[in-house]
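Asks: Structure of the sequence below:
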Amino acid sequence: MKAGYRAKPLTESAIALALCAIVWWVFTPMPGIGAYFNYMSASFIAIIGTMHGMRWALGVALCLNLIVGMTFGPAKLATCLFLVTPVALMLPMRGDCEKPNRPGAALEGMNRRTWWIVFLFTYAVTFTANVWAIGLLMNVTVGDVVKLMASANYSALRNFRMWAGMSRDGLSALAVKWSRLIVPTVGMGYGVMIYVVNRPAYHIGLRLLKLISSG
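Replies: Okay, here's the model as predicted:
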């Protein structure tokens, strides 16, 4: 009985890890949209955290980070560690998600307001760490990374640029000057985007598992 109780979370965790790895292997080479699918791998880990508890989710997340780091290198490892892993571990902590009635399942989560405060703060920190890691890998300063990001998004910020009457260099200089405020704020925005990408897959996965278990 005890062996059977351990076999189910181990099997489902292995399946979740395999799905995460397939997502990264298939979509990482794709420019643009590939990154969004990589972010969605967090939903598989979150499902494991909800169904079997945080230690299993941590195990899957650790293995995925090792696979990504060994397969795609330190830059993708930073993305997986600082942008994918936090939402994977935090989705099961929401108090409004569907909790399974089984031993070892995730504990009752935070209320919605507290969860959002912790979530946004987490991404303000982890996105900043990701920017710092990119700078370290490129052997440039965080300011240089911010300047590069501002320059890359120059077209997307067209309305703001026209309103402020700024050139590309002026926008980059402003971004660098206010980088300590801009980077965490952008990190919160990234966190919301990654949450929106993962939430539907997370809930659909939980419902499917519930139907399979009840069947």
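Asks: Could you pull up phi and psi at G32?
Replies: Main-chain torsions, G32, degrees, to the nearest 10: phi 70, psi -90.
Asks: what are the ranges of the helices in this protein?
Replies: Listed in chain order, the helices of the chain (DSSP state H) span 2-27, 33-40, 42-52, 54-72, 74-79, 85-90, 112-138, 142-152, 158-164, 168-177, 179-214.
Asks: Tell me which residues are up against the second one.
Replies: It refers to helix 33-40. 23-24, 26-28, 30, 79-80, 83-84, 87, 194, 197-198, 201 (C-beta atoms under 8 Å, 6 or more residues apart in numbering). Bear in mind the C-beta positions are built from the backbone N, C-alpha and C, glycine included.
Asks: Return the helix or strand in the protein with minimum mean pLDDT.
Replies: Within the chain, no helix or strand scores below helix 158-164, which has a mean of 48 by mean pLDDT, DSSP states H and E.
Asks: And the pLDDT at M40?
Replies: As predicted, M40 sits at a pLDDT of 93.
Asks: From L181, how far off is it?
Replies: 29 Å (C-beta to C-beta, to the nearest Å).
Asks: Of the contacts of helix 33-40, just the buried ones, PyMOL syntax please.
Replies: This is how PyMOL selects the buried members of the contacts of helix 33-40, with burial counted by 16 or more other C-beta atoms under 10 Å:
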select buried, resi 23+24+27+28+79+80+83+84+87+194+197+198+201
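Asks: Out of the contacts of helix 33-40, which is nearest to T126?
Replies: Among those, L83 lies closest to T126 (C-beta to C-beta), at 6.8 Å.
Asks: what about the closest one, distance to V186?
Replies: Counting by C-beta to C-beta - L83 and V186 are separated by 12 Å.
Asks: Quickly list what's touching both of these two.
Replies: In contact with both L83 and V186: F127, using C-beta under 8 Å, 6+ apart.
Asks: For the residue nearest the centre of the chain, give me its contacts.
Replies: What sits nearest the mean C-alpha location of the chain, by C-alpha atoms, centre = their mean, is V84, with 2.4 Å. Contacts of V84 were listed using C-beta under 8 Å, 6+ apart, and they are N38, Y39, S41, A42, L64, I194.
Asks: what about 6 Å?
Replies: Y39, A42 (C-beta atoms under 6 Å, 6 or more residues apart in numbering).
Asks: Tell me the confidence at it?
Replies: With respect to pLDDT, V84 scores 96.
Asks: hey, which of the helices of the chain is tucked in deepest?
Replies: Of the helices of the chain, the one with the most neighbours on average (mean count of other C-beta atoms under 10 Å) is helix 42-52, at a mean of 28.
Asks: Just the CA atoms of that one, as PDB, please.
Replies: C-alpha atoms of helix 42-52 as PDB (Å, rounded to 0.1, in the frame of the first residue of the first chain):
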ATOM      1  CA  ALA A  42       5.500  25.700 -15.600                       C
ATOM      2  CA  SER A  43       1.900  24.500 -15.600                       C
ATOM      3  CA  PHE A  44       3.000  20.800 -15.600                       C
ATOM      4  CA  ILE A  45       5.100  21.500 -12.500                       C
ATOM      5  CA  ALA A  46       2.300  23.400 -10.800                       C
ATOM      6  CA  ILE A  47      -0.100  20.500 -11.400                       C
ATOM      7  CA  ILE A  48       2.300  18.200  -9.600                       C
ATOM      8  CA  GLY A  49       2.600  20.700  -6.700                       C
ATOM      9  CA  THR A  50      -1.200  20.800  -6.400                       C
ATOM     10  CA  MET A  51      -1.800  17.100  -6.700                       C
ATOM     11  CA  HIS A  52       1.100  15.800  -4.600                       C
END
